[in-house]
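In: Return atomic coordinates for the entry below.
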Amino acid sequence: MESSFLFDMDDVFRSIVKAEAMSIFFPTLRKALVVDTRFSSTEGPFVRLLPMAGSPQERLRSIQRLRSGFARLRNLTLIPWQRYVESLVTTGVWAKIEERIKESGDISAIEACETALLDLRRSEHRELHAVITGKGYQTIWSTGQ
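Out: Numbers count the residues shown, from 1 in each chain. Okay, the predicted model is just below:
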């Protein structure tokens with residue numbers, strides 16, 4: 001099922017190429033990768049793993065607060081990612097995101113991409129560990145004993 005996507009990957013790639021900002025959110029991790037590709041002579045693109053927002057409007061407001069030196073966003077692409085984090089890499093999505101960030105030439109933004117991917121991998125590892133150990137999870141049926 002991992003390779004079976006509910007959305008067209010070509011649409012995802014087109015969205016990444018065109019998006020001014022994007023939020024790729026991971027419901028199982030309750031986190032979102034927020035990427036704002038806008039940059040100026042004094043401020044580079046923004047790439048960070050944040051808590052998942054409650055709504056698109058809430059995400060827009062959070063980006064506006066974090067990036068107050070920029071005009072209001074003209075568009076925000078939201079991509080729900082219900083697959084493993086590594087599938088961002090294997091599908092080529094991560095390479096497209098890095099391409100967009102590298103266009104700015106901002107070294108710290110490129111490093112932020114690497115950090116965000118590492119943070120995503122760690123979050124997923126912690127969540128999988130919690131699932132296996134039952135920490136924060138409850139069974140919905142008993143063993144009948």
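In: contacting residues around the nearest residue to residue 38 once chain neighbours are set aside?
Out: Nearest residue to residue 38, sequence neighbours excluded (C-beta to C-beta, 6 or more residues apart in numbering): residue 70, at 5.3 Å. (Glycine included, C-beta is placed from N, CA and C.) Neighbouring residues of residue 70 by C-beta atoms under 8 Å, 6 or more residues apart in numbering: 36, 38, 40, 43.
In: Please tell me how far residue 70 sits from residue 13.
Out: Using C-beta to C-beta, to the nearest Å, residue 70 is found at 25 Å from residue 13.
In: so where is the chain shaky, pLDDT-wise?
Out: Scanning the chain for pLDDT under 70 picks out the ranges 1-7, 142-145.
In: Break down the chain into its helices, ranges please.
Out: 9-18, 56-66, 86-90, 93-102, 107-133 (DSSP state H).
In: Using CSV, lay out these together with mean neighbour count and distance to residue 49.
Out: Compiled in CSV, these are given as follows (neighbours: other C-beta atoms under 10 Å; distance: least, C-beta to C-beta, whole Å):
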stretch, mean neighbour count, distance to residue 49
helix 9-18, 14, 17
helix 56-66, 14, 13
helix 86-90, 15, 12
helix 93-102, 18, 13
helix 107-133, 14, 5
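In: looking at those helices, which is closest to residue 79?
Out: helix 9-18 (6.2 Å; C-beta to C-beta).
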